[in-house]
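Peer 1: 3D, please:
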Amino acid sequence: MQIVPAPFPAARLRRLRRTPALRDLAQEHRLTAKDLIWPVFVTDLPGADVEIGSMPGVARVTVDGAVRAAERAADLGIPAICLFPYTDPALRTEGCEEAWNPDNLSNRAVRAIKAAVPDVAVMTDIALDPYNANGHDGLVRDGVILNDETVEALVRMALAQAEAGADILGPSDMMDGRIGAMRAALEAAGHADVAILSYAAKYASGFYGPFRDAVGASGRLVGDKKTYQMNPANADEAIRLVARDLSEGADMVMVKPGMPYLDICRRVKDSFGVPTYAYQVSGEYAMIEGAVRAGWLSEAVVAESLLGFKRAGCDGILTYFAPRIAAALTG
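Peer 2: Residues are numbered from 1 along each chain as shown. Take a look at the predicted model:
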C-alpha cells in the first residue's frame, strides 16, 4: 500500500530532518557492530603482517594473529570472523588433498580461535582454490571443472572444518548439489548444529582480483570461472539458486559481490525472508579505501556503503572494514 502524504504545506518532509535528534528518531535502518563478519587472511609463511599491495590496510596474519583478531572482534562486538588461508604453494596440488587435511592451516586456526575466544563465531570458506594448483574452486580435468567429483571433495573439506570446531561453513564454490551433500554428511557425522551460510548467488565478477592476490591464487588461475559462477547479467537465476540451496539445507544465504548487486539482495530478502548476507568484496574495499586515502572521498563513505546493504535487506555484511567501522560505532 502506498501512502500519499498531505499536500504542501501541511506536509513539510524537511521537518524531520531539521535536527540530529529528529533525524535519529526518523531513521529507518541502522548499522551496528552486530551486523558485521570480519574476513581474515591467515598464513604460516614468511610475510605475515605485511600489507597486501592491492588491499591497503589489510594484511595476512599468522594463526596467533588470527587469535588476536578474534579477541579484537570480541572487544568490538563483532560476532564472527571468516578465515581464508594463504596456503604454502608446495601444498597446492591438482587433487587438492590439503583441503581436507585435519591439520591444515585453516583448521589449525579454527581450533586456536575456539580455544581462546569461544564466544566469537568462526566461519570458514569451502572452495578448493586455496589448495588447487590451477587456482579453480573445483577439480579440473582436461580444462573442464568437474562438478560431482568436486562435491565429494568439498564434503570431505566440510567435515574436517566441522570437526575442527567451525561454527559456520561458507561454501563459495558454486557447484551444483553441494549444499545437500554437505548437509547430509554433517548430519550423519554428528555435526547437526553446524550452520551453512551458502554463497548461493556468487557472480563471475571482476571485483575479486585483490582477494586472489591475498590467497595466492592470481598467478595460478588457468582460464576463468564463468562455467560455474553466475553471469552478472542474470537476476532471476539468482532466485532459483537461492531457492535450491535453501531446499537442500542452507541456513543462511549470501550474495557476492555486494554493492553492484544490491538489487539481488533486496529480491532475495523479499522472496524468502531468510537470513541474507552480502560480501563487500576485495575490489569494492580497494576502490573505497584507495579513494579515501587519495582524498577523493571522505571516510564517511565507508559507513554509507555498509548502510546501503542494510537498506537493501541484508541481515549482515562480510567486510574488510569490519574492525574500523565497529570501532567507530562503539567508540
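Peer 1: which residues of the stretch 101-250 of the chain score low on pLDDT?
Peer 2: Within the stretch 101-250 of the chain, the stretches with pLDDT under 70 are 217-219.
Peer 1: Tell me if residue 170 really is in a strand.
Peer 2: Yes - under DSSP: H, G, I helix; E, B strand; the rest coil, residue 170 sits within a strand.
Peer 1: show me the contacts for it.
Peer 2: Residue 170 sits next to 82, 123, 124, 125, 126, 196, 197, 198, 199, 254 when contact means Cβ atoms under 8 Å, 6 or more residues apart in numbering. (Each C-beta comes from the backbone N, C-alpha and C, glycine too.)
Peer 1: Beta-bridge partners for it, please?
Peer 2: Counting by DSSP bridges, residue 170 forms beta bridges with residue 125.
Peer 1: ranges for the helices of this structure?
Peer 2: Taking DSSP state H to define them, one finds helices in the chain at 20-26, 63-76, 105-116, 148-164, 178-188, 209-215, 236-248, 262-272, 282-294, 300-311, 322-330.
Peer 1: Looking at the contacts of residue 170, which is nearest residue 290?
Peer 2: Ranked by distance to residue 290 (Cβ to Cβ), the contacts of residue 170 are led by residue 82 at 22.6 Å.
Peer 1: which residues touch that closest one?
Peer 2: 37, 38, 39, 40, 122, 123, 124, 125, 168, 170, 318.
Peer 1: can you count the residues close to the first one?
Peer 2: Read it as residue 37. 24 (other Cβ atoms under 10 Å).
Peer 1: and it, what is it in contact with?
Peer 2: Shown in contact with residue 37 (Cβ under 8 Å, 6+ apart): 78, 79, 80, 81, 82, 123, 277, 316, 317, 318, 319, 322.
Peer 1: ok, it to residue 120 distance?
Peer 2: Going from residue 37 to residue 120 by Cβ to Cβ, to the nearest Å gives 11 Å.
Peer 1: which residues are in contact with both of the two?
Peer 2: In contact with both residue 37 and residue 120: 78, 79, 80, 81, using Cβ under 8 Å, 6+ apart.
Peer 1: tell me which residues in stretch 209-228 are buried?
Peer 2: Neighbour counts over stretch 209-228 (16 or more other Cβ atoms under 10 Å) mark 209, 210, 211, 212, 213, 214, 215, 216, 217, 220, 225, 228 as buried.
Peer 1: Take the residues you listed and lay them out in TSV including distance to residue 25.
Peer 2: Shown next, in TSV, are the buried residues of stretch 209-228 (distance: Cβ to Cβ, whole Å):
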residue	distance to residue 25
209	42
210	40
211	40
212	45
213	44
214	42
215	44
216	49
217	48
220	53
225	46
228	47
